[in-house]
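S.K.: give me the fold of what follows.
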Amino acid sequence: MKVYAIIPSGGIGKRINNSLPKQYIKFRGKELIAYTIDIFQKCDLIDEIIVPAQKEFFNLLEEIKQRYSFTKITNIVEGGQERQHSVINALKSIAADDIDLIVVHDAVRPLLPQNVLKNVIETADSSGAAVVALKAKDTLIRGNDKILSYADRKEYYYVQTPQVFRYGILLNAMQKADSENFIGTDESMLVHHTGFDIKIVVGSSFNFKVTDQDDIKLFDFITRLL
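M.R.: Modelled structure (predicted):
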């Protein structure tokens, strides 16, 4: 069995108002995505890394691959219109068996702890599908400009990545979604749409997604301490 990591890198960073997508912004001279890829390069459970991205950043990704000796990057493929299209392009670029594991992780979650990565891979190996998630700690409300209702936080989680699935399970979910024109926010939604049970693995507050300016400031601060 092999374990493939797919790191979609097609985002264009609309929420940070920057001409350069946030995954390519440098912190202490190192691109954000390089911090993320480094986690998977160092994990002894990962065999190959595939990066779907916009064509105009292929050369930059090749430079990053060479500069940091990311030997596990085997394919840099063109991303699609939606995240799931990027992931399926990555799936098509590998010669995987149905039992192989596919690990999908956001390019802009650069502080994923190694123990969380290993736990979710091992859980998916035994169950077929697993996602990293954090149990909600704060009071949850529903509303727009005013509170409409409260939710029981005991029943809610904040979904993170990695999300790990058997190749056959994920490919089937992707194909079903494509045939139904169903667009999911992440891979777990597509797999859940097929009726397959997905295990939850405890995540980490460090594994936050760099989405807006506050996240950039926080990650910049953290990198000063690394």
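S.K.: distance check, the residue of the chain most remote from its centre against Glu48.
M.R.: In the chain, the residue that sits farthest from the middle, by CA atoms, centre = their mean, is Lys146; the gap is 32.6 Å. Using CB to CB, to the nearest Å, we find Lys146 at a distance of 50 Å from Glu48. (C-beta placed from N, C-alpha, C; glycine too.)
S.K.: also Val210?
M.R.: 24 Å.
S.K.: report all helices and strands that the longest strand anywhere in the chain contacts.
M.R.: Ranked by residue count under DSSP state E, the longest strand found in the chain is strand 157-166. In terms of contacts (3 or more CB pairs under 8 Å, 6 or more residues apart in numbering; DSSP states H and E), strand 157-166 is packed against strand 101-104, helix 114-127, strand 129-135, helix 187-193.
S.K.: out of those, the one nearest Ser19 is which?
M.R.: Checking those against Ser19 by CB to CB gives strand 101-104 as the closest, at 26.9 Å.
S.K.: identify the residues contacting the residue lying closest to Lys26 once chain neighbours are set aside.
M.R.: The shortest distance from Lys26 to any residue other than its chain neighbours is 7.7 Å, reached at Leu32 (CB to CB, 6 or more residues apart in numbering). By CB atoms under 8 Å, 6 or more residues apart in numbering, Leu32 lies in contact with 22-26, 107-108, 110, 210, 219.
S.K.: and the spatially closest residue to Thr36 that is not a sequence neighbour, how far from Phe219?
M.R.: Residue nearest to Thr36 in three dimensions, not counting chain neighbours: Pro110, with 4.5 Å by CB to CB, 6+ apart. Pro110 sits 7 Å away from Phe219, going by CB to CB.
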